[in-house]
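Asks: sharing a model that was predicted from the sequence below.
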Amino acid sequence: MRPQSAKAKGRRLQQWLRLRLLSLLNVAPEDIESRSMGAPGTDLMLSQEAGRQWPYSVECKNQEALNVWASWDQTCANAGNYEPVLFIKKNYRPVLAVVRADHFLQLSTQKGDKNESD
């Protein structure tokens, strides 16, 4: 695959996630910015308001062959004060989110608590 095509494939995943977050959060379109391919840091830049509602640092990988651990290391290195989350995708497969197990368990427990009080 040509580098230009690979970058376009990665950009599609970033833009998909950006649009999905815009539909879920009550923020303006300029509050979530998709970074250019090859730019250092997180793949989505969130405004302070967006970061308060969704406190994650994002790395997106849309590749057929992926070293998950190297990608996770990159995600964590760019996370700063936010919780790292790695979104992975390959052709004909769904988008997956990789998070720390402890974080996932905490989220799933909180969701269960909310359902009990409804």
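Replies: Ah, there it is.
Asks: in the lengthiest helix in the chain, what counts as buried?
Replies: Determined from DSSP state H, the single longest helix within the chain is helix 3-24. With burial defined by 16 or more other Cβ atoms under 10 Å, the residues of helix 3-24 counted as buried are Lys9, Gly10, Arg11, Leu13, Gln14, Trp16, Leu17, Arg18, Leu21. C-beta coordinates here come from the backbone N, C-alpha and C atoms, glycine included.
Asks: same check on stretch 38-50?
Replies: By neighbour count with 16+ other Cβ under 10 Å, stretch 38-50 contains the buried residues Thr42, Asp43, Leu44, Met45, Leu46, Ala50.
Asks: okay, how far is it across that stretch, tip to tip?
Replies: End-to-end span of stretch 38-50 (Cα to Cα, to the nearest Å): 23 Å.
Asks: contacts for that stretch next, please.
Replies: With contacts defined as Cβ atoms under 8 Å, 6 or more residues apart in numbering, stretch 38-50 is touched by 7, 14, 17-18, 21, 25, 27, 30-35, 54, 57-60, 78-79, 82.
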